[in-house]
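1. This is a predicted model, with the sequence first.
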Amino acid sequence: MIKKVFKKFLNTIPRPLLIKMSYYVKPALAFALRGNKYTDPIDGKSYRRFLPYGYEKTRENVLSPGTLSLERHRLLWLYLERETDFFSAPKKMLHFAPEQAFYKRFKNLKHLNYTTTDLNSPLADIKADICNLPFEDNTYDIIFCNHVLEHIPNDTKAMQELFRVLAPNGMAILQIPQDLNREKTFQDDSITDPKERAKIFGQYDHVRIYGKDYFSKLRSIGFKVDEIDYTSKLSISEIEKFCLASGEIIPVCHKI
């Protein structure tokens, strides 16, 4: 009962304010939950358990108390660290709706020319509409746009803009919440009630549920898309240790 009340309370707080509040809460949470059962690869710290997280469906033991990372953040970090030159090669990077788990760490990487953008986030350097970006063509070597497109009514235009500003041979990580049991993406703009939208789409501000055809749509824009199931390269013990979601796909897109 207490968990439900707390969850409902959190969902009433605007996200920009939650971000600011979290800087004061994280140290206390990390201290209270310290242990050695689970490890967050982003900060290397270990805990006896992670926190629950979710809107309509709460997932247990998924939110790291130190970085506030979720399964997708930790999986992406491992992929970048082990499979790419992200942490060493000089790059110009654009990061949409920057995740707290990454923001300060990316900003402190001296080899990255790092710019953040969003309409509402207090972490954004540049306030911009993803469907009408104020950047020149072929500007960025790396673009991260994770769990953003499901909020955008005209995701086709957003994808076109991402492709436009990505440099030739550049890499874009475009993660979304995805139902891999669906062949086709589901969208119904006639559903306007926030509670009904939350029930059907997972959050009140999501406008669709992406299916397997998400990758085909990215390809139709011009991206070369690698559907990376990185958990298949990890051991069962690592998946459990880092609290990852088996089978989650990382869409790694290139502009050839």
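-> Great, that's in hand.
2. separation between residue 254 and residue 246?
-> 25 Å (CB to CB, to the nearest Å). For every residue, glycine as well, the C-beta is placed using N, CA and C.
3. ok, now residue 101?
-> 20 Å.
4. Name the residue in the two with the higher neighbour count.
-> For residue 101 and residue 246, the more surrounded residue by other CB atoms under 10 Å is residue 101, and the numbers stand at 23 against 13.
5. The more buried one: helix or strand, and which one exactly?
-> Following DSSP states H and E, one finds residue 101 within helix 100-107.
6. now residue 191
-> Counting by DSSP H and E, residue 191 is part of no helix or strand.
7. Let me know the secondary structure of the closest residue to it other than its chain neighbours.
-> Leaving out its chain neighbours, the residue that sits closest to residue 191 by CB to CB, 6 or more residues apart in numbering is residue 197, at 5.6 Å. What DSSP: H, G, I helix; E, B strand; the rest coil gives for residue 197 is helix.
8. List the contacts of residue 197.
-> 191, 203-206 (CB atoms under 8 Å, 6 or more residues apart in numbering).
9. Same check on residue 79?
-> 228, 230, 250.
10. so which of those is the most crowded?
-> Among these, residue 250 has the most neighbours (other CB under 10 Å), with 21 neighbours.
11. Show me what it is bridged to.
-> Following DSSP bridges, residue 250 is listed with bridge partners residue 228.
12. do you know how far it is from residue 37?
-> As for residue 250, its distance to residue 37 is 25 Å (criterion: CB to CB).
13. quick one on the thing from earlier: packing partners of whichever helix or strand comes after the helix holding residue 101?
-> Next in sequence after helix 100-107, counting helices and strands by DSSP H and E, comes strand 112-118. Other helices and strands packing on strand 112-118, by 3 or more CB pairs under 8 Å, 6 or more residues apart in numbering; DSSP states H and E, are strand 91-96, helix 100-107, strand 126-127.
14. mean confidence for the last one?
-> Which is strand 126-127. Averaged over strand 126-127, pLDDT sits at 98.
15. Strand partners (parallel or antiparallel) of the following helix or strand past it?
-> Following strand 126-127 in sequence order, the next helix or strand is strand 140-144 (DSSP H and E). Using DSSP bridges, the strands paired with strand 140-144 are strand 91-96 (parallel), strand 166-173 (parallel).
16. Same question for the longest one: list its buried residues.
-> Of the residues in strand 166-173, those scored as buried under the neighbour-count criterion (16 or more other CB atoms under 10 Å) are 166-167, 170-173.
17. can you check the shortest one too?
-> Taking 16+ other CB under 10 Å as the neighbour-count basis, strand 91-96 is seen to contain the buried residues 91, 93-96.
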